[in-house]
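**Q** No sequence on hand, only this structure:
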């Protein structure tokens, strides 16, 4: 869908590559800094309801080299990536479920997620819930948890009325016992992602005093079908998404901050981003991260025996 009134001829259309992703011209530090600058510019120059002005700023800025290098490497290419962002803004409705609490936040989340779209552009997504549940390249967390192989916490989504009643009672009686999240709809993940989270949890625990709340995972692999459902419910669930290729992770942060532990986890995550292992997006209650192709390959070479196959 093309929004009227904007000349996008300056954005060349790039066809999807059939070869592995290489990033010789990327400077992700520059890209992230440019995203922050653009977010601040929109916040300063654009009134809350002035969608037209926000679109104009985006069209003026996104042809700049630091944006074009990453957006051109996505499956959509530069022109279509800009169109998708304009459409996201056009359809944006603020609500309590969305991690994008305003238009500048939506722009930041969308643009930073394009790093991941470019990283995994040649990896097919799990299209339906059935595809995800049948995928042989994913492992189930529940048996690993029962075997004591996980260093992190998660909970399944409550799907029955009795389970929801128990969850509601727990929140009433012990409000800080667990994060206020729906839980995992799918307890499946790539083995290298499980290895990464275990390592993050270990490093976080090593820097924390006793009785510090644990690292808590709130979302892992999702299908495109489920991503569309989240969008219909008002969540800022962008497409394409690294969750739908199995490389996206959401970690609870607000719960940890309330208990004085958020900064320690943030420091561990930022170190991994500086090393090029992950991409991070601060989404408020949760921090989203995505494993990079280089880090995934390294982790895949040294998978623990229980995660192989």
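**A** Received, thanks. The structure presented is a predicted model; accordingly, all values stated were derived computationally and were not measured.

**Q** Which helix or strand contains the closest residue in space to residue 30 that isn't next to it in sequence?
**A** Leaving aside its sequence neighbours, residue 30 sits nearest to residue 66 (Cβ to Cβ, 6 or more residues apart in numbering; 4.6 Å). For the C-beta atoms, the positions are set from N, CA and C on the backbone; glycine is no exception. Using DSSP states H and E, residue 66 sits in helix 65-71.

**Q** I'd like to know which elements that helix is packed against.
**A** helix 28-45, helix 77-91, helix 103-119 (3 or more Cβ pairs under 8 Å, 6 or more residues apart in numbering; DSSP states H and E).

**Q** gap between it and the chain center?
**A** 20 Å (Cα atoms, centre = their mean, to the nearest Å).

**Q** Output the helices and strands packed on helix 65-71 in a markdown table, with mean neighbour count appended to each entry.
**A** Below are the helices and strands packed on helix 65-71 laid out as a markdown table (neighbours: other Cβ atoms under 10 Å):
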| stretch | mean neighbour count |
| --- | --- |
| helix 28-45 | 16 |
| helix 77-91 | 19 |
| helix 103-119 | 23 |
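
**Q** Please enumerate the helices of the stretch 201-309 of the chain.
**A** Applying DSSP state H, counting those that start in this stretch to the stretch 201-309 of the chain gives helices spanning 224-232, 254-258, 262-274, 293-301.

**Q** can I get those helices in a markdown table with mean pLDDT and mean neighbour count?
**A** Shown next, in a markdown table, are the helices of the stretch 201-309 of the chain (pLDDT from 0 to 100; neighbours: other Cβ atoms under 10 Å):
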| stretch | mean pLDDT | mean neighbour count |
| --- | --- | --- |
| helix 224-232 | 95 | 16 |
| helix 254-258 | 92 | 17 |
| helix 262-274 | 96 | 16 |
| helix 293-301 | 95 | 15 |
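
**Q** Make TSV from these and add distance to residue 70 to it.
**A** Shown next, in TSV, are the helices of the stretch 201-309 of the chain (distance: least, Cβ to Cβ, whole Å):
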stretch	distance to residue 70
helix 224-232	21
helix 254-258	29
helix 262-274	15
helix 293-301	14
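
**Q** So which of those helices is nearest residue 58?
**A** Closest of the helices of the stretch 201-309 of the chain to residue 58 is helix 224-232, at 20.3 Å (criterion: Cβ to Cβ).

**Q** tell me the domain boundaries of the protein?
**A** Split into domains by automatic domain parsing, the chain comes to 28-119, 129-307.

**Q** Give me the distance between the residue lying closest to residue 270 once chain neighbours are set aside and residue 253.
**A** Excluding its sequence neighbours, the residue lying closest to residue 270 (Cβ to Cβ, 6+ apart) is residue 280, at 7.0 Å. As for residue 280, its distance to residue 253 is 11 Å (criterion: Cβ to Cβ, to the nearest Å).

**Q** Please identify every residue contacting each of those two.
**A** Overlap of the contact sets of residue 280 and residue 253 (by Cβ atoms under 8 Å, 6 or more residues apart in numbering) consists of residue 287.

**Q** more crowded one of those two?
**A** Higher neighbour count among residue 280 and residue 253: residue 253, with 22 against 19, using other Cβ atoms under 10 Å.

**Q** Against residue 236, how distant is that one?
**A** For residue 253, the distance to residue 236 equals 15 Å [Cβ to Cβ].

**Q** circling back to that earlier point, for residue 248, which of the helices and strands packed on helix 65-71 is the nearest?
**A** Residue 248 lies closest, by Cβ to Cβ, to one member of these: helix 103-119, at 7.0 Å.

**Q** Flag the shaky bits of this protein, pLDDT-wise.
**A** Applying pLDDT under 70 to the chain flags residues 1-25, 47-49, 158-178, 182, 309.

**Q** try 50
**A** 1-22, 24, 163 (pLDDT under 50).

**Q** follow-up on the earlier one: let's have the helices and strands packed on helix 65-71 in JSON lines, adding distance to residue 56.
**A** Listed next are the helices and strands packed on helix 65-71 as JSON lines, based on distance: least, Cβ to Cβ, whole Å:
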{"stretch": "helix 28-45", "distance to residue 56": "10"}
{"stretch": "helix 77-91", "distance to residue 56": "10"}
{"stretch": "helix 103-119", "distance to residue 56": "13"}
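
**Q** Nearest to residue 272 among these would be which one?
**A** helix 28-45 (13.1 Å).

**Q** What is the subsequent helix or strand relative to that closest one?
**A** Using DSSP H and E, the helix or strand that directly follows helix 28-45 along the chain is helix 51-61.
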